[in-house]
Structure formats: structure tokens, C-alpha cells
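Undergrad: below are the sequence and a predicted model for it; my questions follow.
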Amino acid sequence: AQSVTQLDSHVSVSEGTPVLLRCNYSSSYSPSLFWYVQHPNKGLQLLLKYTSAATLVKGINGFEAEFKKSETSFHLTKPSAHMSDAAEYFCVVSEGSERGATNKLIFGTGTLLAVQP
Amino acid sequence: DSGVTQTPKHLITATGQRVTLRCSPRSGDLSVYWYQQSLDQGLQFLIQYYNGEERAKGNILERFSAQQFPDLHSELNLSSLELGDSALYFCASSRTGTWEYNEQFFGPGTRLTVL
């Protein structure tokens, strides 16, 4: 079975400083991994995805994530936080990584990012 | 805007009632997924349809059912509602139903409040 663990439920940074949101995954196969963001009272927006093409994945709004198989990690980073980055971030694995399986998404518990002025 | 639409945005109803949530996928997407987001359970997969047929079931209660119509829109029916069913219900769509092109795009959600 596949799963993801988000290591921090809350992260607070100052505007202009780097962001690091940590995620570890568990998968029997080479996984498809995603980061989604949810702004208050909004839907879920895809930030980036990893599907084995490249270990460093660039997403929208300056975010990127690095897939590290040896550490089973997929941490999300951004060099400089902006006030508009304040939101909840979800690390997600697709069960569809297993050949023949469905494509349901398994969500982590979320990390709430606060950005201080 | 993801291109996935959901109606209504908000729904307030009483225990024991039945409601229907509607979702229209992005143009060209054949697969529709339903997810429930609640404070105690987080985001959980409910059910997936692909081109009108059920593909996978998750933690969906027997009181809940869904279908996907020939025009590919989907409806989630919730019956005998309980207070604990209050949640945000998301619909997502993807081009196919398998791991290829498995990027899912989410609608804005329907917030259900059961009083």
C-alpha cells in the first residue's frame, strides 16, 4: 500500500526567507508524487508532479521538489517566501503508480504554511 | 480556474435528508473522482468513474452513491444524512483513469452543512 507522511503540521517563515515542507512516502513501486496547495476557502491547485522523468521537479510560483529514492522523500522548497504563499500544502501519492491499479490519490495530512511580514 | 465545475457551492440541510452534488469535468477528461475533506478525516478518496463506469471505490459509505452520465458529468448522492457528513466535497477529473496522464484537476468544492 502506498502512503505519504508530512512531517510538519505547521511551518512558519518570514517573508523573503526559504520554505521547506517535508514529505516522506512509502511505495512498493516507483511512485507518482504530487504537491497540491489549498488557499483558504478555495479548491486544490496542483503545484508540481513527479513521474520519474527527472528527480528535480519545478512547479508553479517558484516552488520545486526533489525526489530522493534513497531517503523516500519528496520535500517541497521555495527560495524566498511571499505573503501569498500562506496556505495549506498537501503531499500526495497516486495509487496509479502500480500498473493496472486505479488512479486514486492518497493525501498526506497537510502542512499549514504561515508567512510572517 | 481548473475547468472543473461543481454545484452548488454551499448546501445546508437537515439530518435524514438527501442531497445531490453535481460535477462537470474538464473538456476532454474521461475520469471523475470524488473526495471528501473533513477536519477529523482529512482528504479521503470516495469513488472514481471512467467513461461512465465505476473504476474504484474508497471510503464511501453505503448511504452515498454516485454515477457518471453519458455527457461525462457526475453526481454524488448523499442520503440519510448525519451530522458527521458535514464536509467539503471535491470533484476532480483527469484525462484517463490510469497512471498515465494521471494529473487530476480539482473543482472548487461543495461545502455541505448538516444541521
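TA: Received it, and whenever you're ready, just let me know what you need.
Undergrad: state the three-state secondary structure for residue 40.
TA: Since you didn't name a chain, this refers to chain A. A:Pro40 falls in the coil class when you classify it by DSSP: H, G, I helix; E, B strand; the rest coil.
Undergrad: could you give the number of residues near B:Pro8?
TA: 13 (other C-beta atoms under 10 Å in any protein chain shown). (Each C-beta comes from the backbone N, C-alpha and C, glycine too.)
Undergrad: what do you get for B:Thr113?
TA: Residues lying near B:Thr113 (other C-beta under 10 Å) number 12.
Undergrad: which residue is nearest the middle of chain A?
TA: A:Trp35 (3.1 Å; C-alpha atoms, centre = their mean).
Undergrad: so what touches the helix or strand where that residue lies?
TA: Element membership of A:Trp35, judged by DSSP states H and E, is strand A:32-38. Contacts with strand A:32-38, where a contact means C-beta atoms under 8 Å, 6 or more residues apart in numbering or on different chains, come from A:4, A:21, A:23, A:25, A:44-52, A:59, A:63, A:65, A:67, A:74, A:76, A:87-94, A:96-97, A:105, A:107, A:110, B:99, B:102-103, B:106.
Undergrad: do that again at 7 Å, thanks
TA: Applying C-beta atoms under 7 Å, 6 or more residues apart in numbering or on different chains, the contact partners of strand A:32-38 are A:25, A:44-51, A:59, A:65, A:67, A:74, A:76, A:87-94, A:96-97, B:99, B:102.
Undergrad: just give the strands next to the following helix or strand past that strand in its sheet, each with its orientation.
TA: Proceeding N to C from strand A:32-38, the next assigned helix or strand is strand A:44-50, under DSSP H and E. Here strand A:44-50 has these sheet partners by DSSP bridges: strand A:32-38 (antiparallel).
Undergrad: so how far is the strand it pairs with from its chain's centroid?
TA: 5 Å (C-alpha atoms, centre = their mean, to the nearest Å).
Undergrad: starting from the helix or strand of chain A with the lowest mean pLDDT, tell me which strands it pairs with and how they run.
TA: When the helices and strands of chain A are scored by mean pLDDT, DSSP states H and E, strand A:105-107 comes last with a mean of 90. Applying DSSP bridges, strand A:105-107 is found paired with strand A:87-94 (antiparallel).
Undergrad: nearest spatial neighbour of B:Arg18, chain-adjacent residues omitted?
TA: B:Ser79 (4.2 Å; C-beta to C-beta, 6 or more residues apart in numbering or on different chains).
Undergrad: quick one on the thing from earlier: the residue nearest to the centre of chain A - nearest residue in space that isn't next to it in sequence?
TA: With C-beta to C-beta, 6+ apart, the residue lying closest to A:Trp35 is A:Leu47, at 4.3 Å.
Undergrad: can you name the next helix or strand after the least confident helix or strand of chain A?
TA: In N-to-C order, the element after strand A:105-107 by DSSP H and E is strand A:111-116.
Undergrad: quick check, that following strand touching chain B?
TA: No - counting by C-beta under 7 Å from any C-beta of the partner chain, chain B has no neighbours in strand A:111-116; the shortest distance is 12.2 Å.
Undergrad: report the mean confidence score over that strand.
TA: Mean pLDDT, strand A:111-116: 97.
Undergrad: which parts of chain B sit against chain A?
TA: Selection of chain B residues close to chain A by C-beta under 7 Å from any C-beta yields B:2, B:31, B:33, B:42-43, B:45, B:48, B:55-56, B:58, B:90, B:94, B:97-99, B:102-104, B:106-109.
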